[in-house]
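A.B. asks: build the 3D model from these lines:
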Amino acid sequence: MNGRTDENLPRLSDVRHAALSELANGKRVNINFSHIERVAEALNSEDIREIVYLVEE
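C.D. replies: Alright, predicted model coming up:
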């Protein structure tokens with residue numbers, strides 16, 4: 001998310017601004033998959049790798 005949360009993204013994705021902000025700032029490490037889907041849809045992205053990266057533990 002490029003370290004910032006677009007002010008329209010919470011409205012377009014129906015994901016709370018606080019959750020998006022925490023993700024963008026590295027304060028949250030988990031996200032519900034349905035939220036990823038909604039953010040991708042709001043950004044017209046067909047590949048979630050454009051908006052998130054996965055880390056194997």
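A.B. asks: can you list contacts of the longest helix along the chain?
C.D. replies: In the chain, with assignment by DSSP state H, the single longest helix is helix 33-42. Applying CB atoms under 8 Å, 6 or more residues apart in numbering, the contact partners of helix 33-42 are 9, 12-15, 19-20, 46-48, 50-52. Where you see a C-beta, it was placed from the backbone N, CA and C, and this is true even at glycine.
A.B. asks: generate a PyMOL selection restricted to the buried entries among those residues.
C.D. replies: Applying 16 or more other CB atoms under 10 Å to the contacts of helix 33-42, the buried members can be selected in PyMOL as follows:
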select buried, resi 9+13+15+19+20
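A.B. asks: circling back: next one: the longest helix of the chain to chain centre, how far?
C.D. replies: 7 Å (CA atoms, centre = their mean, to the nearest Å).
A.B. asks: and the average pLDDT for it is what?
C.D. replies: Average pLDDT, helix 33-42: 91.
A.B. asks: tell me the buried residues in it?
C.D. replies: Across helix 33-42, burial judged by 16+ other CB under 10 Å covers His35, Ile36, Arg38, Val39, Ala40, Ala42.
A.B. asks: tell me how far Arg38 lies from Ala24.
C.D. replies: Using CB to CB, to the nearest Å, Arg38 is found at 15 Å from Ala24.
A.B. asks: render the CA-only coordinates of the lowest-mean-pLDDT helix or strand in the chain in PDB, please.
C.D. replies: Taking mean pLDDT, DSSP states H and E as the measure, the chain has helix 17-24 as its least confident helix or strand, at a mean of 88. Included here for helix 17-24 are C-alpha records, laid out as PDB according to Å, rounded to 0.1, in the frame of the first residue of the first chain:
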ATOM      1  CA  HIS A  17      -9.600   3.100   7.700                       C
ATOM      2  CA  ALA A  18      -7.800   2.100  11.000                       C
ATOM      3  CA  ALA A  19      -7.200  -1.400   9.700                       C
ATOM      4  CA  LEU A  20      -5.800  -0.100   6.400                       C
ATOM      5  CA  SER A  21      -3.600   2.400   8.100                       C
ATOM      6  CA  GLU A  22      -2.200  -0.200  10.500                       C
ATOM      7  CA  LEU A  23      -1.400  -2.500   7.600                       C
ATOM      8  CA  ALA A  24       0.200   0.300   5.700                       C
END
